[in-house]
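In: Build me a model from this:
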Amino acid sequence: MTRASVAVLVLALAACGKKQEAATPAAEGPPPAQVEREGDANLVKVENPEKFPLATAGQHNAAPELNVTGVVSPDVSRTVPVVSLASGRVVEINARIGDEVKKGQLLFKVRSSDISGAFSDYRKAVVNEQLTKVQLDRAKVLFDKGAIAKKDLEVAQNAEDSALVDLETTAERLKLLGSDTNHPTGIVDVFAPVSGVIIEQNITQSAGVKTLDNSPNLFTIADLSVVWIVCDVYENDLPSVKMGEYADIHLNAYPNRVLRGRISNIGPILDPAIRTAKVRLEVPNPGLMKVGMFVTATFHGVTQDVRASVPATAVLHLHDRDWVYVPAENGRFRRLSVVGGAMLPGNLQEIISGLKPGDQVVTNALVLQNTVEQQ
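Out: Now for the predicted structure:
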């Protein structure tokens, strides 16, 4: 074989090796992945779908509502502190916290040394006034006879006037301390300034009592004929609350009793932690409301919303949500999430969102749900 023939044979073998290498599957890219999609979990198919009757959602006009919680509080303008103008020690208590008292009713007694000092000043004023009166009468007689000048009469008159002022001042002080000028005593009676209920008591038997700088108050009396409901309303819900409008008050203790309260104040400052404003309602108290009670206040909007209404059995409560079944194509049913509202007359339920009037729903959603689970 010649050298030329050998060179041609080598080139031919090299070309065949390259073709085989190019045809090797390992050198090619991976094939595309096949993805299988799962079916819609809310789309179900049952045998004999005609066994599940349908109902058409009706129309219900309702005003939007906002429910918030609140606490019963006394009206500050109807709350009166009880103080003692005489310092001393409590010797008798005639009322307790929670008692209903009338104006002028005896609350407690205080033994005070202030009375002795005030009565001493009063007696001195009486004696001094008696002396100045005698001197004034004498001065008038002497002036009439020309024995003294007019200026001396004026000095005597001025002394009598000053003595009368001192007498009136000391007598008034005794009266303010709760004592009688004719029968002075060291025991001071403290009476209720207004009628109401005692909501605070900070004295006990033999406790010491100061004067007007008492802190806290000895007693606090509140007129609970009208009370406040203080509610927390979130920032996003404030447009639903208007001054002067009314709200329904539901007491937790009396769920079947509904009261009416008027919005008297909307707090100008938000709580920075929970982003709520204090909304105050004024409510006449029929005698059921106690200070500190929890209530639910329902605010009603002015505009009417059009909502759907369906049979109560068409709403399925599952996993803390509300569902309805609506017909789908090919005899199947689709489960829809809705927001259920209040119960309506005729065993109907309001649907706030998720369904519109005219839509068809399965009349008994629970029966359909049980059938689906058994398949």
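
In: By mean pLDDT, point me to the weakest helix or strand of the chain.
Out: helix 3-22 (a mean of 49; mean pLDDT, DSSP states H and E).

In: Pairing partners for the next helix or strand after it, with directions?
Out: Next helix or strand after helix 3-22 toward the C-terminus (DSSP states H and E): strand 43-45. Next to strand 43-45 in the sheet, as set by DSSP bridges, lie strand 332-344 (antiparallel).

In: Below-threshold pLDDT in the chain: ranges please.
Out: Within the chain, the segments meeting pLDDT under 70 span 1-39, 178, 211-215, 302-303, 375.

In: let's see 50
Out: Applying pLDDT under 50 to the chain flags residues 1, 4, 6-11, 16, 18-27, 33-38.

In: Quickly list the domain ranges of it.
Out: Domain assignment for the chain, taken from automatic domain parsing, gives 49-63+304-374, 114-185, 222-300.

In: Reformat these as CSV; add distance to Val209 and mean neighbour count.
Out: Any C-beta I mention is one placed from the backbone N, CA and C, and that applies to glycine too. Shown next, in CSV, are those (distance: least, C-beta to C-beta, whole Å; neighbours: other C-beta atoms under 10 Å):
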stretch, distance to Val209, mean neighbour count
domain 49-63+304-374, 55, 16
domain 114-185, 11, 15
domain 222-300, 21, 15
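
In: Which stretch among the ones you listed approaches Ser87 most closely?
Out: Closest to Ser87 of those is domain 114-185 (C-beta to C-beta; 6.1 Å).

In: quick one: terminal-to-terminal distance for the closest one?
Out: Terminal residues of domain 114-185 lie 10 Å apart, using C-alpha to C-alpha, to the nearest Å.

In: Could you tell me how far it lies from the centre of the chain?
Out: Between the centre of domain 114-185 and the centre of its chain there are 59 Å (C-alpha atoms, centre = their mean, to the nearest Å).

In: same question, stretch 113-120
Out: 48 Å.

In: ok, now stretch 280-295?
Out: 11 Å.

In: And the contacts of it?
Out: With C-beta atoms under 8 Å, 6 or more residues apart in numbering as the test, stretch 280-295 has contacts from 69-75, 199, 222, 224-231, 247, 249-254, 257, 259-267, 297.

In: run the last query once more with 7 Å
Out: 69-74, 199, 224-231, 247, 249-254, 257, 259, 261-265, 297 (C-beta atoms under 7 Å, 6 or more residues apart in numbering).

In: Now go through these and say which are in strands.
Out: Within these, residues falling in strands by DSSP state E are 69-74, 199, 226-231, 247, 249-251, 259, 261-265, 297.

In: quick check, Ala95 in a strand?
Out: No. Counting by DSSP: H, G, I helix; E, B strand; the rest coil, one finds Ala95 to be coil, located in no strand.

In: Now it: phi and psi?
Out: Here the main-chain torsion angles of Ala95 (degrees, to the nearest 10) amount to phi -150, psi 160.

In: Give the full set of residues in contact with it.
Out: Applying C-beta under 7 Å, 6+ apart to Ala95 gives the contacts 101, 107, 198.

In: Now restrict these to buried residues only.
Out: Among the contacts of Ala95, those classed as buried by 16 or more other C-beta atoms under 10 Å are 101, 107, 198.

In: Out of the domains of the chain, the one nearest Lys210 is which?
Out: Nearest of those to Lys210, taken as C-beta to C-beta: domain 114-185 at 10.9 Å.

In: what about Leu136, which SS state?
Out: Secondary structure, three-state DSSP: Leu136 is helix.

In: Let me know the distance separating it from Asp166.
Out: For Leu136, the distance to Asp166 equals 15 Å [C-beta to C-beta, to the nearest Å].
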